[in-house]
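Engineer: Fold the following, please.
(one chain, ligands or ions: 2)
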Amino acid sequence: MTTSRREEHNTDHFFKIILIGDSGVGKSNLLSRFCHNKFTLEFNSTIGVEFTTKTLIIDGKPIMAQIWDTSGHTKARPITDAYYRGATGALLVYDVSKHITFINTKKWLADLRNNADPNVVVMLVGNKLDVRQSVMVSTEVGKSFAEKESMYFVETSALRATNVENAFIDLVEKMYRSRISRKKDMEALETMTLSRSVSVSSGNNEPAHYKLKIESFSLLSEAGIEIYESDVFEASGYKWKLEVYPNGNEKEFVNDHISVYLVICDTKNLEKDWEVHVYFKILIYDHIRHNYLTIQGGDGKRARFHEKKTRWGFRKLISLDSFKEAENGYLFNDSCEFGAEVFVVPKYTQKDQCLSMVKPPITMNTHVWTISKFSLLTEEPLYSEDFKIGKVKWKLSLYPKGFKTGKNTNLSIFLRPHDVGSGSQSDEWKIYAKFKIRVKNHKAGGAHKSEEADHWFCKTADGWGFPCFMLLSDLHDYKNGFLSNDTLIVEAKILIVGILKHLV
Ligand SMILES: Nc1nc2c(ncn2[C@@H]2O[C@H](COP(=O)(O)OP(=O)(O)OP(=O)(O)O)[C@@H](O)[C@H]2O)c(=O)[nH]1
Ligand SMILES: [Mg+2]
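Structural biologist: Ligands and ions are numbered 1, 2, ... in the order given. This is a model prediction of the structure:
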């Protein structure tokens, strides 16, 4: 059976190791000694890139080490991204009898840290230990440099086969242990901060902020595309994008789930030491039942985005088995749709706030406001009676001759909640709602005029809506059918997505 390169890389027991260091330090001989127990006195500088694979047994498990070798000649060095890419271990070799090769390890190390995996494990190797009489770099000097730079250290002789096996085996063992412990950390982190709570919301609750449709999902994953980045979208006043790993994020050891992350973008324009606290949800569309599977961080915890943490998400959003199961309806004709909702919340301390994310009802609730004798109205605002949606009381305001940017040209309509039903009027609150305002057309089959928006309403701020809802000339042209018998009918549909109460 043949396994693809990708599958090999996916296993917990595959490691890519690279040999680096100046030309002539003995990299190729260390490798041939380890893999074939061979040594060549003659110096044949390596041309191109070669790799050898060797299976080792660690903790009773077969571990496959793929060891890459190339020339250390700076000019001839065909070191490309491909050489470093995916390497999680490196043997950084110098010649104990040539001081300059030790000095140069600094440059090699910088190059490695810039290009290889951030968790790369490095073993500093002082080779040609057999040339004792001309040792230029003492064990102490090598060792202390290794300690300073968080590297492991060994001295070897490829000629005498001293410590060669140890150097490779120790490195692989360290890499293996580091991978296991990071995997454990990652799992702990997942349960700590990214525990998922899953709910299914039905009906027409489209994602409030962003929809990402992926066509030909299978091509994407078969082509080995590791990561798919969405366009940048705006939500709650910030710029965001989604990162979708169709086969899971390998760096976080996932290969049987889809991983999805929310990334904050354009942070350069934010104030120094910026911090953005959000609650976010990822949604997956079910094409059969026309609803969304909603996945959100559990325990009501919010994600804190800042300079050093610009990405939060779910390394295991949904298992590939469940995602691909036809009955589930997520993948339909090989296309799928993800959604995102991002709610930015103020930086209150965790203690004094309580966010209750209201489960959205199946349809938006609608309030109808009938205004008769419209032509008698002046430029003064007109207010609707209070109407209740959920526990919240709302009011509409209408400026018959326009307000703000719509003054004298447009009909302006605004919406404002003024009681969240929490008892005490002194409580602070914020409400996140999606709403749609419609002026009905009286003519049979005539098109209604509507506008929609989503907004965080606060107790202390004005309402939110549309100063330029529609041109007064269109409204008053009786042929258009919006005014009949001098009556205007305004409908407000409101969907409360979340309520944030600041309990004092
Ligand atoms: N005395 C001694 N000579 C060694 C040892 N290891 C390698 N050599 C010699 O050093 C020379 C260079 O060895 P290579 O293994 O080809 O060096 P390299 O680091 O692969 O060089 P490039 O491929 O050019 O980067 C050869 O002549 C080897 O015989 C060692 O442990 N002791
Ligand atoms: Mg070589």
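
Engineer: Dump whichever strand or helix holds E337 to PDB, keeping only the CA atoms.
Structural biologist: Assigned by DSSP states H and E, E337 belongs to strand 336-345. The C-alpha trace of strand 336-345 is given here as PDB (Å, rounded to 0.1, in the frame of the first residue of the first chain):
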ATOM      1  CA  CYS A 336     -20.600  23.800   2.100                       C
ATOM      2  CA  GLU A 337     -21.200  27.100   3.900                       C
ATOM      3  CA  PHE A 338     -19.700  28.400   7.100                       C
ATOM      4  CA  GLY A 339     -20.900  31.500   8.900                       C
ATOM      5  CA  ALA A 340     -19.500  33.700  11.600                       C
ATOM      6  CA  GLU A 341     -21.000  36.000  14.200                       C
ATOM      7  CA  VAL A 342     -18.700  38.200  16.200                       C
ATOM      8  CA  PHE A 343     -19.900  40.200  19.100                       C
ATOM      9  CA  VAL A 344     -17.400  42.600  20.600                       C
ATOM     10  CA  VAL A 345     -18.100  43.300  24.300                       C
END
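
Engineer: Contact residues of the protein facing ligand 1?
Structural biologist: Counting by CB under 6 Å from any ligand atom, the chain comes close to ligand 1 at 23-29, 40-46, 71-73, 127-128, 130-131, 157-159. For every residue, glycine as well, the C-beta is placed using N, CA and C.

Engineer: Going through the residues you listed, which ones are buried?
Structural biologist: 23-29, 46, 71-72, 127-128, 157-159 (16 or more other CB atoms under 10 Å).

Engineer: doesn't E165 make contact with N37?
Structural biologist: No - contact criterion CB atoms under 8 Å: N37 and E165 do not qualify, at 9.5 Å.

Engineer: For the closest residue in space to V141 that isn't next to it in sequence, list the residues it contacts.
Structural biologist: Excluding the flanking residues, the one nearest V141 by CB to CB, 6 or more residues apart in numbering is F102, at 7.6 Å. Applying CB atoms under 8 Å, 6 or more residues apart in numbering, we find F102 in contact with 94-96, 126, 136-137, 141-142, 145.

Engineer: Then E149?
Structural biologist: Each residue near E149 by CB under 8 Å, 6+ apart is listed here: 109, 122, 124.

Engineer: Most proximal residue of the stretch 301-450 of the chain with respect to ligand 2?
Structural biologist: R315 (38.7 Å; CB to the ion).

Engineer: Tally up the residues packed near the residue nearest to that residue when sequence neighbours are not counted, please.
Structural biologist: Counting by CB to CB, 6+ apart, R315 lies nearest to E252, which is 4.4 Å off, once chain neighbours are set aside. Look at E252: counted by other CB atoms under 10 Å, it has 19 neighbours.

Engineer: And E252, its phi and psi?
Structural biologist: phi -110, psi 20 (degrees, to the nearest 10).

Engineer: I'd like the distance between it and D386.
Structural biologist: Note on E252: its distance to D386, by CB to CB, to the nearest Å, is 50 Å.

Engineer: ditto for L331
Structural biologist: From L331 over to D386 (counting by CB to CB), the distance is 46 Å.

Engineer: can you check F457 too?
Structural biologist: From F457 to D386 the distance is 15 Å (CB to CB).

Engineer: which stretches of the stretch 301-450 of the chain form helices?
Structural biologist: Under the criterion DSSP state H, counting those that start in this stretch, helices of the stretch 301-450 of the chain are mapped to 320-324.

Engineer: before we move on, the earlier item: now, among the contacts of E149, which is nearest to ligand 1?
Structural biologist: L124 (14.6 Å; CB to the nearest ligand atom).

Engineer: Thought Y152 was touching that closest one, still the case?
Structural biologist: Yes - counting by CB under 8 Å, Y152 is a contact partner of L124 at 7.0 Å.

Engineer: Overlap of the contact sets of the two?
Structural biologist: Going by CB under 8 Å, 6+ apart, residues that sit against L124 and also against Y152 are A146.

Engineer: Name the residue in these two with the higher neighbour count.
Structural biologist: L124 (26 against 16).

Engineer: List the contacts of the more buried one.
Structural biologist: Per CB under 8 Å, 6+ apart, neighbours of L124: 92, 94, 105, 142, 145-146, 149, 151-154.

Engineer: any idea which of the residues you listed is closest to ligand 1?
Structural biologist: Nearest member of those to ligand 1, counting by CB to the nearest ligand atom, is Y94, at 9.8 Å.

Engineer: so how far is ligand 2 from the closest one?
Structural biologist: From Y94 over to ligand 2 the distance is 14 Å, taken as CB to the ion, to the nearest Å.

Engineer: partners of that residue in the sheet?
Structural biologist: G126 (DSSP bridges).

Engineer: Tell me the pLDDT of it.
Structural biologist: The model reports Y94 with a pLDDT of 97.

Engineer: how many neighbours does it have?
Structural biologist: 28.

Engineer: residues in contact with it?
Structural biologist: Taking CB under 8 Å, 6+ apart, one finds 21-22, 25, 101-102, 104-105, 124-127, 137, 142 in contact with Y94.

Engineer: Tell me which entries of the residues you listed lie within strands.
Structural biologist: Of the positions in the contacts of Y94, 124-127 sit in strands, assigned by DSSP state E.

Engineer: Any regions of the stretch 301-450 of the chain where pLDDT drops low?
Structural biologist: Scanning the stretch 301-450 of the chain for pLDDT under 70 picks out the ranges 301, 346-364, 421-428.

Engineer: What residue in it comes nearest to ligand 1?
Structural biologist: Closest point on the stretch 301-450 of the chain to ligand 1, by CB to the nearest ligand atom, is K308, at 37.6 Å.

Engineer: Equivalent analysis for the chain, please.
Structural biologist: Closest point on the chain to ligand 1, by CB to the nearest ligand atom, is G26, at 2.9 Å.

Engineer: what pLDDT does that residue get?
Structural biologist: We note a pLDDT of 97 for G26 in this prediction.

Engineer: Kindly report the same for S195.
Structural biologist: Value listed for S195 in the pLDDT field: 44.

Engineer: Do you have the strands of the stretch 251-400 of the chain handy? List them.
Structural biologist: Here the stretch 251-400 of the chain has its strands, by DSSP state E, counting those that start in this stretch, at 257-265, 275-286, 291-297, 303-306, 311-319, 336-345, 353-356, 365-371, 382-383, 387-389, 392-399.
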